[in-house]
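Trainee: What follows is a predicted structure for the sequence shown.
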2 protein chains.
Amino acid sequence: MAKGEYLGEFEHVVLLTVLRLGDGAYGAMVRAEIERVTDRSPAIGAVHATLERLERKGLVSSWIGKPTAERGGKAKRHFKIEADGVSALKTAQKTLQRLQAGLSLWNVAV
Amino acid sequence: MAKGEYLGEFEHVVLLTVLRLGDGAYGAMVRAEIERVTDRSPAIGAVHATLERLERKGLVSSWIGKPTAERGGKAKRHFKIEADGVSALKTAQKTLQRLQAGLSLWNVAV
DNA sequence: CCATAATATCCACATAATAGACAATATAGG
DNA sequence: CCTATATTGTCTATTATGTGGATATTATGG
């Protein structure tokens, strides 16, 4: 494959998070979930840039939401994972699994 | 964590491959192993650039080898994984595992 | 209306990924 | 010896990803 056909590290994280959250996840929500689950705190701009790239690649799709009963804020952009996104996750997972087959990281002599 | 403290996607692949191959792996060997195990064919330049980056970060170390009985070639640069390299792999693995907890990619409605 | 909360977007820059051409060096065989 | 060739690393340029901060937008509460 050529450049740009694999999920980058953060793309992988964001895409898995969109899948976890289910259809309708939006930027700020994705950011919060990443923080909750992984102990890292990406900037909101980083999350949006990545979602936009994933959308350009056809791995997620998005639509603008209606205002809700909450305090306020600019209209949310909601995301859902697409079939190609699921495939990309499978490919990434398989690659890592194959490379790790037979290796236990907790039992390495260094 | 801040910028640059995570393994990039290809860094992850290369680092796992160095671990698989054990101490003494070198560029061309790493490249061949990636090809064998994952069906992708990175350019040799890509592999070397990545190994160099991993070394700068202290995740692997290297030394120049002596000529062997084989045909010829420039002296090999051999690599071994360092303790920090193993830690980085553990962190990356844990992050992905947490995000995937409870999700089966083979059972997703899209 | 105004203050403030919630959200997205824009912009600039740093780091990672990648390919391809090139250089180096060893051995084999005449 | 000398040359052809195999094997490997090095250099360079370019594109893709990752990152954070500042700014814009929009809704609600008072």
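Mentor: Nice, thanks for sending it over.
Trainee: in the longest helix along chain A, what's buried?
Mentor: Identified as the longest helix of chain A according to DSSP state H is helix A:83-100. By 16 or more other Cβ atoms under 10 Å in any protein chain shown, the buried positions in helix A:83-100 come out as A:85, A:86, A:88, A:89, A:91, A:92, A:93, A:95, A:96, A:99. Where C-beta positions appear, they are placed from N, C-alpha and C, glycine not excepted.
Trainee: Kindly report the residues of chain A close to DNA strand C.
Mentor: For chain A, the contact set with DNA strand C under Cβ under 7 Å from any atom of the strand comprises A:2-6, A:8-9, A:26-29, A:44-45, A:48-49, A:70-77.
Trainee: filter those residues by proximity to chain B?
Mentor: Residues shared between the residues of chain A next to DNA strand C and the neighbourhood of chain B are A:6, A:8, A:9 [Cβ under 8 Å from any Cβ of the partner chain].
Trainee: where's the second one relative to residue B:68, distance?
Mentor: This means residue A:8. 37 Å (Cβ to Cβ, to the nearest Å).
Trainee: So for those two, which sits in the more crowded spot?
Mentor: Taking neighbours as other Cβ atoms under 10 Å in any protein chain shown, residue A:8 and residue B:68 compare with residue A:8 leading, 17 against 10.
Trainee: Just list the residues touching the closest residue to the more buried one other than its chain neighbours, thanks.
Mentor: Spatial nearest neighbour of residue A:8, excluding adjacent residues (Cβ to Cβ, 6 or more residues apart in numbering or on different chains): residue B:9 at 5.3 Å. Shown in contact with residue B:9 (Cβ atoms under 8 Å, 6 or more residues apart in numbering or on different chains): A:6, A:7, A:8, A:9, A:12, A:92.
Trainee: could these go into CSV alongside secondary structure and pLDDT?
Mentor: Converted to CSV, those look like this (DSSP: H, G, I helix; E, B strand; the rest coil; pLDDT from 0 to 100):
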residue, secondary structure, pLDDT
A:6, coil, 93
A:7, coil, 96
A:8, coil, 96
A:9, helix, 97
A:12, helix, 98
A:92, helix, 96
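Trainee: Please render those residues as CSV that adds distance to residue A:60 to the earlier fields.
Mentor: Converted to CSV, the contacts of residue B:9 look like this (distance: Cβ to Cβ, whole Å):
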residue, distance to residue A:60
A:6, 16
A:7, 12
A:8, 14
A:9, 17
A:12, 13
A:92, 15
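Trainee: Also near DNA strand D: which of those, exactly?
Mentor: Intersecting the contacts of residue B:9 with the contacts of DNA strand D gives A:8, A:9, A:12 (criterion: Cβ under 7 Å from any atom of the strand).
Trainee: wait, which of those residues is closest to residue A:59?
Mentor: The closest of these to residue A:59 turns out to be residue A:12 (Cβ to Cβ; 10.6 Å).
Trainee: ok so, going back, now the ones next to DNA strand D among the contacts of residue B:9 as TSV including distance to residue B:61?
Mentor: Putting those into TSV (distance: Cβ to Cβ, whole Å) gives the following:
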residue	distance to residue B:61
A:8	26
A:9	23
A:12	27
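Trainee: who in chain A is up against DNA strand D?
Mentor: Going by Cβ under 7 Å from any atom of the strand, the residues of chain A near DNA strand D are A:3-4, A:8-12, A:42-46, A:49-50, A:53, A:57, A:67, A:69-75.
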